[in-house]
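Engineer: Show me the folded form of this:
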Amino acid sequence: MRWVKFVKYIRANNWEPIVYTVSNGNYPLTDTSLEKDVPEGIEIIKRPIWEPHQLYRLLAKNKNASGLADIKPKDRASFVEKISNWVRSNFFIPDARAFWISPSVRFLKKYLTANPVDAIVSTGPPHSAHLIALELKKQTRLPWLADFRDPWTTMDYYKELLLTNWADKKHHRLELEVLKTADSVTVIGNGMKAEFEKKSERRVEVTTNGFDEEDFSVSSMQLDQKFSIVHIGTFFSRVNPANLWEVLLELKKENHPIISDLQIKLIGRVDPAIVESIRMAGLEDFLILSPIQQHDEALRQMRSAQVLLLCIFEPNKFIVTGKLFEYLASQRPIFCIGPVDGDASVILKETNAGLAFSFSDKISIKQHLLDLYKKFKTGELSNIKNNAEKYSHQQLVKQIVTQLDRITKQ
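Structural biologist: Numbers count the residues shown, from 1 in each chain. Below you'll find the predicted structure:
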C-alpha cells in the first residue's frame, strides 16, 4: 500500500510513474477498494509469475499459507512443515518470487530499450524485486532507488528459516550487493538505517510509512460504546500479548468494573494460538472476531475504537508497520506492546499518540490499561488528539522525489 499511495501522489511532484507487477500473483488477501487510489492513465505492465505456494500449502497442510511470515516457529512446526520450510528456505532465494527474476529482466531490458525512462525504483519485500532492479542496473546503468519496507536478513522470521550455511551466506551476499549498488537506498525507520549503513558503509535515507489524508476525510466518527481494545490486521502468534490477557483475567477475578465495559475486537487474520490464549484466560465472552475487512471498513473500525492495540515482535526494534501510521491518523490512543526503545515507540512518543510496554512488563501493562479505562469513564478518551500530520503520504512522497531528483542529476 506504501507504493500505491506514492504512485497516487508522485505525479504532483513532476514524476510520471510506470508500474511493473505480476498478472497472477499469489496473495493471502486482496482488497479491490484500493483500486480507487490508482490514478487514471497510469501505465501498468503486468507479467505472469510462477510461484511455489500451491506446493507449499500442500506440504504445510495450510490452505492459507502464503508469505514467509506464515512459517511456524521451529518448536511448534510439524515434521512435514519443517521439510517444507527447509525446501523454501534453501531453494527459493531470496523468496518465493525468485522465479520471476530472470523472465522480468529479459522482458524489461527489451522494454526499456524501446521505452526509455529516467530511473528505476524497486520496493521490497519481496526482495526478488530488488534483484530484478540490480540486474537491470548492471545492464542499463539507469539510476536506481532501492526502497526497503522491511529488513532482509534481520527480519523477525529470518531466524525461523532452516537455512544451510550456503543459503545464509547467499542471502547476506545478495543483500549487501543491493545495498552497495543502488544509487539511493530508502528505509522506513532509523533502526534499519543504522543497520544498513553499518553493513554497507554508505548513506541510507529514511522515508517512513504513512497515511493518506483523503482516507480520513470524514469529519467525525461514532466511538464504540464499550471499552473496546481493537487490533486490526494480521495477528501472528509470535506477538501474542499474553500478559495483557492475564491482566484482564486478574481484573475479572477482582470484579473490577472494567470487565462490565470490556470488548476485545480482533479484525483480520488471527492466529488460532492467540484466540486460544484469550479463551484460556477466561475472556471468550468479551471477544469479537471479524474476518478480513476491506480497507475502508478497517479504517472505520480504527476510528471507532476506544483503544488501538499494536503488537511488535520484541527482538526486532526496526519494525515500523504501515498499520501504525493509519492508527496515528485515526486519532485514537495506541497501546503498543513491543520494544520500548524501538522505532515505533519513538514515533508514538514524538506524536503523543500512545506508549509502548515490554511484553514482560505486566505491572506497567496493567497500570496503563487502568489509566486508559479511567479516561474512558470520564470521557477524556473521546478527546484524544495527536500530531501526526508530517506522516501523510502527500508529504512523504516529496522525500522520495528528492532522492530521484538527486540520483538523476549525478
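Engineer: Report the secondary structure state of L370.
Structural biologist: The three-state label given to L370 by DSSP: H, G, I helix; E, B strand; the rest coil is helix.
Engineer: ok, it - how many residues close by?
Structural biologist: Neighbours of L370 under the rule other Cβ atoms under 10 Å: 14. (Each C-beta comes from the backbone N, C-alpha and C, glycine too.)
Engineer: For the most centrally placed residue in the chain, give me its contacts.
Structural biologist: The centre of the chain sits closest to T321, judged by Cα atoms, centre = their mean, with a distance of 3.9 Å. By Cβ atoms under 8 Å, 6 or more residues apart in numbering, the contact list for T321 reads 209, 233, 310, 312, 344.
Engineer: P125 versus that one, what's the distance?
Structural biologist: Counting by Cβ to Cβ, to the nearest Å, the separation of T321 from P125 is 13 Å.
Engineer: cool, and V80?
Structural biologist: On the measure of Cβ to Cβ, V80 and P125 end up 25 Å apart.
Engineer: more neighbours, the two?
Structural biologist: Between V80 and P125, counted using other Cβ under 10 Å, P125 has the larger neighbour count: 19 against 12.
Engineer: give me phi/psi at the more buried one?
Structural biologist: Backbone geometry at P125, expressed as degrees, to the nearest 10, gives phi -80, psi 160.
Engineer: What of P28?
Structural biologist: phi -70, psi -20.
Engineer: From what I see, it and R269 are in contact.
Structural biologist: Yes: counting by Cβ atoms under 8 Å, P28 does reach R269; the two are 7.0 Å apart.
Engineer: Just the pLDDT at the nearest residue to D261 once chain neighbours are set aside, thanks.
Structural biologist: Leaving aside its sequence neighbours, D261 sits nearest to F227 (Cβ to Cβ, 6 or more residues apart in numbering; 4.1 Å). As predicted, F227 sits at a pLDDT of 98.
Engineer: how deep is F227 tucked in, by neighbour count?
Structural biologist: F227 has 22 neighbouring residues, counting by other Cβ under 10 Å.
Engineer: Quick one: residues contacting it.
Structural biologist: Counted by Cβ under 8 Å, 6+ apart, F227 has contacts 258, 261-263, 306-307, 372-373, 376.
Engineer: distance of it from L262?
Structural biologist: 6 Å.
Engineer: same question, L112
Structural biologist: For L112, the distance to L262 equals 57 Å [Cβ to Cβ].
Engineer: So which of the two has more stuff around it?
Structural biologist: L262 (20 against 16).
Engineer: how about the more buried one, what does it touch?
Structural biologist: Counting by Cβ under 8 Å, 6+ apart, L262 makes contact with 226-227, 229, 248, 283, 286.
Engineer: okay, stretch 370-378 in CSV with CA atoms only?
Structural biologist: The C-alpha coordinates for stretch 370-378 follow below in CSV (Å, rounded to 0.1, in the frame of the first residue of the first chain):
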residue,chain,number,x,y,z
LEU,A,370,-6.4,1.1,34.1
ASP,A,371,-5.3,4.6,33.2
LEU,A,372,-7.0,4.3,29.8
TYR,A,373,-10.1,2.9,31.4
LYS,A,374,-10.3,5.8,33.9
LYS,A,375,-10.1,8.2,30.9
PHE,A,376,-12.8,6.2,29.2
LYS,A,377,-15.2,6.6,32.1
THR,A,378,-14.5,10.3,32.5
